[in-house]
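# quick one: sequence and predicted model below, then my questions.
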Number of protein chains: 2
Amino acid sequence: MTIRSPLAPDKFPNLPAIDGLGLAVAASGLKYKNRDDLLLMTLCETATVAGVFTRSDTVAAPVIWSRDVVASGRARAILTNAGNANAFTGERGRDTVHQTSTALAGALGFSADQILLASTGVIGEPLESTKLSAYFPQLVANQGASWEQAAGAILTTDTFAKGAHVSCDIDGVAVNICGIAKGSGMIAPNMATMLGYIATDAALPTDILQALLTTATDHSFNAITVDSDTSTNDTVFLIATGRAKTAMITSADDPKLAGFRDALTKLMVDLATQIVRDGEGASKFITIGVSGAESDHQARHIGLAIANSPLVKTAIAGEDANWGRIVMAVGKSGFGIDQQAIGIKIGGFPVAANGMRVTDYDETPIAAHMQTASIDIAVSVGAGAGVATVYSCDLTHGYISINADYRS
Amino acid sequence: MTIRSPLAPDKFPNLPAIDGLGLAVAASGLKYKNRDDLLLMTLCETATVAGVFTRSDTVAAPVIWSRDVVASGRARAILTNAGNANAFTGERGRDTVHQTSTALAGALGFSADQILLASTGVIGEPLESTKLSAYFPQLVANQGASWEQAAGAILTTDTFAKGAHVSCDIDGVAVNICGIAKGSGMIAPNMATMLGYIATDAALPTDILQALLTTATDHSFNAITVDSDTSTNDTVFLIATGRAKTAMITSADDPKLAGFRDALTKLMVDLATQIVRDGEGASKFITIGVSGAESDHQARHIGLAIANSPLVKTAIAGEDANWGRIVMAVGKSGFGIDQQAIGIKIGGFPVAANGMRVTDYDETPIAAHMQTASIDIAVSVGAGAGVATVYSCDLTHGYISINADYRS
């Protein structure tokens, strides 16, 4: 790991164990030296699972495999390796996935179709199953790793381990939700992000778990961007071990789940924004609120057009209140926005209204805000009630240094 | 102007005068000191005009004005100012456009609806008409400027003046086509680019001129990108003075126009690639050929997904043959490409075929190609007969330096 991001939280938070979930890590040395790069999560028999995956057309072999397993709603283990994405590896990559899941199933006493797989790292390099399976006895025998160790084992270009915890109750029964994630570059998730693992001890049927995950993903991992590039391996799993004796739930809209839904979204936004805070080269964390769109979907896409604009991101890196670039980005998003209705605030200070710069525009307070580490942009487009918040980071010399030199 | 781009041509080419077209330049000092920033082009009475404009929703006031004038197919003058885009300036910006065209029409003895306007520069700053009109007497009196002077007067962050010339014949009558353009950042044209002016002495009706321009734009200005950001002011005009006594043409598909069509496309590709060669911070010129797509349109969009990827562009800046990032970019373009059919060559050397790295992959010749200034990427996707070529540049520390410091 290189120097910790200046936007990183002070430390890894305290995450309690989730009853019914085991964690184990190992160092295969496949790419990284002197650090863990394998994570095994084992799930109890009652566990249900849901997943969201990249929408890329060049999805990696483990994603293709895990989509099928998740469709069954049940799994007993998740194996993750960091350093090789097993993406664009053709038939050979699919063979690796079969061999790996079969070997791990054997070591655990389950069947291969109960094994979820995730990989992250370089694209296009063959991955040998035996390089992973050599560590299965060790992983199976030592399932007492901490969440922080688990979060550390899945990193690639990340500069800090990412975790979050929330607690809530379902109809009076206390439950915990813990999550870890990784991601720093190739971040413009489309239905998911690099890798995220969220576990709760609540008891929730698979279809409800999937509905909760999909909704919360739209507000979290699908609302962030670092560099507009969508990974071949984006995967988020949500696991419910069922060890907390929560009430029977038959609908994702059940009022009993209100607290859980909010807690899950809060945790996923926390993890997603940690990825932005670890964006390659990032020196500023950017929050973009869009209101007045025709729909929430449209609002999110206008927000992402601003969030992905290299000219907006470099202006923020340079602490330049160059709001004309925000206008440009709204204009290029292509929704037929009426420019006379566009309003912009930066740091809460009005910049533009009714399609032009505000009268008596004073750049002084905005220039001061631009010098802070958290930049707030609010855009209203006057077309309806759609709102969204998206998160991004600035584009700096650090991003160029990392990506022009390093084969991730 | 800063240091000339390392990818710039050696010198401005020789462009002959176009009979029926006058050029005049002046230095208003509005933003830039010690350089021309106003260009007046005057057109003879027989001239026809066509135009393509940005598809941005936040189009600038002069674009709105010129779209209406072009719809008539006739104009007698084009005034361009550099340094202020008159974009997102609301009612005040529209007043400026009316006042400017009325004043110039008076100075020339035409009517305001015969005046085309174009502006380039900072967005959101009010532009006073009188700052321009003070120079109209001087511009009208001195119409002997060269093409090189004209090309120099419209630049903003550009590091070199851009011009091109081709000659051809229409049914045996020799004609010239000359063009100039500007652009360096905020380049992801959508129907046009920053500013381009192309003039011929051929005689061509407006509707045919427009059809020719639109088709050639798809292969030139719509096939380039520097930073994926679409300008509010993109404008390309094509002028036919009619002074060459070419045959009557009644269809854009007329076989007599075959040579002219090819020459026009060649000239526009030349100008468009000069903009890429002046891309902010560029150190490598990138040509991306896509074949086997379902349509030419799809091929162009796959090419632009690669051309716009920050991770592809930084890998090229770092001379790293990190072809997995090309795979990622094809995957994120979202056309449902079958990854088993994807093939990739770099510098003519096979890298990937049938959805995986080629057997006996040897990076040596590819690594050598990556060290050259012109990078060639060829991608086949096995879905049909659609082809396209797009042009881009790398993403370097220079881009960050220019855009994090400079309010353009």
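Looks like it arrived, so ask away.
# quick one: the strands in the stretch 51-200 of chain A?
A:77-84, A:115-122, A:162-170, A:173-182, A:195-200 (DSSP state E, counting those that start in this stretch).
# got the buried residues for the fourth one?
Read it as strand A:173-182. Applying a neighbour-count criterion of 16 or more other Cβ atoms under 10 Å in any protein chain shown, one finds A:175-182 buried in strand A:173-182. C-beta coordinates here come from the backbone N, C-alpha and C atoms, glycine included.
# quick one: which of the residues you listed is nearest chain B?
Nearest to chain B out of the buried residues of strand A:173-182 is residue A:182 (Cβ to the nearest Cβ; 16.7 Å).
# now the closest one, nearest residue through space, not along the chain?
Nearest residue to residue A:182, sequence neighbours excluded (Cβ to Cβ, 6 or more residues apart in numbering or on different chains): residue A:154, at 4.6 Å.
# give me the phi and psi angles of that neighbour.
When read as degrees, to the nearest 10, the backbone of residue A:154 gives phi -100, psi 0.
# doesn't residue A:39 make contact with it?
Yes. When contacts are counted by Cβ atoms under 8 Å, residue A:154 is listed as touching residue A:39 (5.5 Å).
# mutual contacts of those two, please.
Contact with both residue A:154 and residue A:39 is made by residues residue A:80, according to Cβ atoms under 8 Å, 6 or more residues apart in numbering or on different chains.
# does residue A:169 touch residue A:259 like I think?
Yes. Between residue A:169 and residue A:259 there is a contact under Cβ under 8 Å: 6.1 Å.
# residues of the stretch 151-300 of chain A that sit close to chain B?
With Cβ under 8 Å from any Cβ of the partner chain as the criterion, the stretch 151-300 of chain A meets chain B at residues A:185-186, A:188, A:190, A:227-232.
# mind putting the residues you listed into JSON lines with pLDDT?
Compiled in JSON lines, these are given as follows (pLDDT from 0 to 100):
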{"residue": "A:185", "pLDDT": "76"}
{"residue": "A:186", "pLDDT": "74"}
{"residue": "A:188", "pLDDT": "69"}
{"residue": "A:190", "pLDDT": "57"}
{"residue": "A:227", "pLDDT": "79"}
{"residue": "A:228", "pLDDT": "77"}
{"residue": "A:229", "pLDDT": "80"}
{"residue": "A:230", "pLDDT": "78"}
{"residue": "A:231", "pLDDT": "79"}
{"residue": "A:232", "pLDDT": "81"}
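# can you map out the helices along the stretch 151-300 of chain A?
For the stretch 151-300 of chain A, the helices defined by DSSP state H, counting those that start in this stretch cover A:206-219, A:258-277, A:296-308.
# out of those, which is closest to residue B:379?
Between residue B:379 and those, the tightest spacing by Cβ to Cβ is seen for helix A:296-308, at 22.4 Å.
# if we ignore the residues flanking it in sequence, what's nearest whichever residue of the stretch 151-300 of chain A sits closest to chain B?
Here the residue of the stretch 151-300 of chain A nearest chain B is residue A:230; by Cβ to the nearest Cβ that distance is 3.8 Å. Counting by Cβ to Cβ, 6+ apart, residue A:230 lies nearest to residue B:332, which is 3.8 Å off, once chain neighbours are set aside.
# so the one you found touches residue A:187, yeah?
No. The pair residue B:332 and residue A:187 does not pass the contact test of Cβ under 8 Å, sitting 11.6 Å apart.
# shared neighbours of these two, which are they?
With Cβ under 8 Å, 6+ apart as the test, residue B:332 and residue A:187 both reach residue A:229.
# look at these two and report which has more neighbours.
A direct count of neighbours by other Cβ atoms under 10 Å in any protein chain shown for residue B:332 and residue A:187 places residue A:187 higher, at 26 against 23.
# tell me the pLDDT at that one?
Looking at residue A:187, its pLDDT is 72.
# which ones are touching it?
By Cβ under 8 Å, 6+ apart, the contact set of residue A:187 is A:193-194, A:224-227, A:229, A:231, A:275-276, A:279.
# neighbour count added to those residues, as JSON lines?
Shown next, in JSON lines, are the contacts of residue A:187 (neighbours: other Cβ atoms under 10 Å in any protein chain shown):
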{"residue": "A:193", "neighbour count": "32"}
{"residue": "A:194", "neighbour count": "28"}
{"residue": "A:224", "neighbour count": "25"}
{"residue": "A:225", "neighbour count": "27"}
{"residue": "A:226", "neighbour count": "30"}
{"residue": "A:227", "neighbour count": "26"}
{"residue": "A:229", "neighbour count": "23"}
{"residue": "A:231", "neighbour count": "31"}
{"residue": "A:275", "neighbour count": "28"}
{"residue": "A:276", "neighbour count": "25"}
{"residue": "A:279", "neighbour count": "31"}
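# so residue A:392 versus chain B, what's the distance?
To chain B, residue A:392 is 13 Å away according to Cβ to the nearest Cβ, to the nearest Å.
# and that residue, bridged to which residues?
residue A:286 (DSSP bridges).
# ok, residue A:77 next?
Beta-bridge partners for residue A:77, by DSSP bridges, are residue A:42, residue A:115.
# which pLDDT value goes with it?
Residue A:77 carries a pLDDT value of 96.
# look up how far residue A:180 lies from it.
16 Å (Cβ to Cβ, to the nearest Å).
# one more: residue A:205?
To residue A:180, residue A:205 is 24 Å away according to Cβ to Cβ.
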